[in-house]
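J.: missing the sequence, but the structure's below:
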């Protein structure tokens, strides 16, 4: 082999190795999926600075800007007079390009009031569970669905616990949620406005079965303009995925809560 042929041969080998490495990196990237899960109390899409005004576009913009794949929404209305009798879950689904499922908690002002799930992935085995009370107050529920992302199958659950000053209802409601998933054969991601801060009996109960996506120095989620308390959570049970990021999105116009989001890396 002459000198020129030898040099050409070396260059061809280097090119082949680089091409193989590039294909390998591309395959690795393809096998890795990022899943963004948001929990957001939307205050029936009424910006606190504009009493009586409904701004679904603002809520949709928050979701779209965050590129959320699954969103657990609280304080959602359908056919309610004060929100223009619109189906808020359906309209948000249309504005974000996501599937949706609404869960009714109570009758309110001529319509239905409750929680919802938006998802980039189809939902199956949808279930609504009434939550218990110790003292008479507004009824609360748990809503959940099974979702498949690639080969991964899990339960996405959403709730909005009691808002009365004493903790009794929230405690029995959390106990009810834990009992619901105690024997689950699928991993569970629980989202919601728990109306409780870390260190209370409610969150201590949650920690017995779930792992919160933020446990240290968690940013506040309420009030919207200068958040000092963290009462909105995303927690996991038997989830093996890597948590890439947890954040409270600095949005102060659209609702009286700030949305929280957890980003996971899922190996297909």
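T.: Nice, I can see it. All values reported here derive from a predicted model rather than from experimental measurement.
J.: List the buried residues in stretch 231-247.
T.: 231-239, 241, 246-247 (16 or more other C-beta atoms under 10 Å). Every C-beta, even on glycine, is put in place using the N, C-alpha and C of the backbone.
J.: just curious, which of the residues you listed is nearest to residue 81?
T.: Checking these against residue 81 by C-beta to C-beta gives residue 232 as the nearest, at 27.0 Å.
J.: mind checking pLDDT for the residue nearest to that closest one when sequence neighbours are not counted?
T.: Distances taken as C-beta to C-beta, 6 or more residues apart in numbering put residue 221 closest to residue 232, at 4.2 Å, once the chain neighbours are dropped. At residue 221, the pLDDT value in this model is 98.
J.: check contacts around residue 221.
T.: Residues in contact with residue 221, defined by C-beta atoms under 8 Å, 6 or more residues apart in numbering, are 227, 229-232, 248, 257-258, 260.
J.: Just the strands from the protein, written as ranges.
T.: Counting by DSSP state E, the chain has these strands, from start to end: 32-41, 70-78, 99-108, 111-119, 123-130, 141-149, 152-160, 188-193, 211-212, 232-237, 242-248, 260-267.
J.: Let's test this: mean pLDDT of the fourth one, rounded?
T.: When the per-residue pLDDT values of strand 111-119 are averaged, the result is 98.
J.: Against which helices or strands is it packed?
T.: strand 70-78, helix 88-96, strand 99-108, strand 141-149, strand 152-160 (3 or more C-beta pairs under 8 Å, 6 or more residues apart in numbering; DSSP states H and E).
J.: repeat that with 6 Å
T.: strand 70-78, strand 99-108, strand 152-160 (3 or more C-beta pairs under 6 Å, 6 or more residues apart in numbering; DSSP states H and E).
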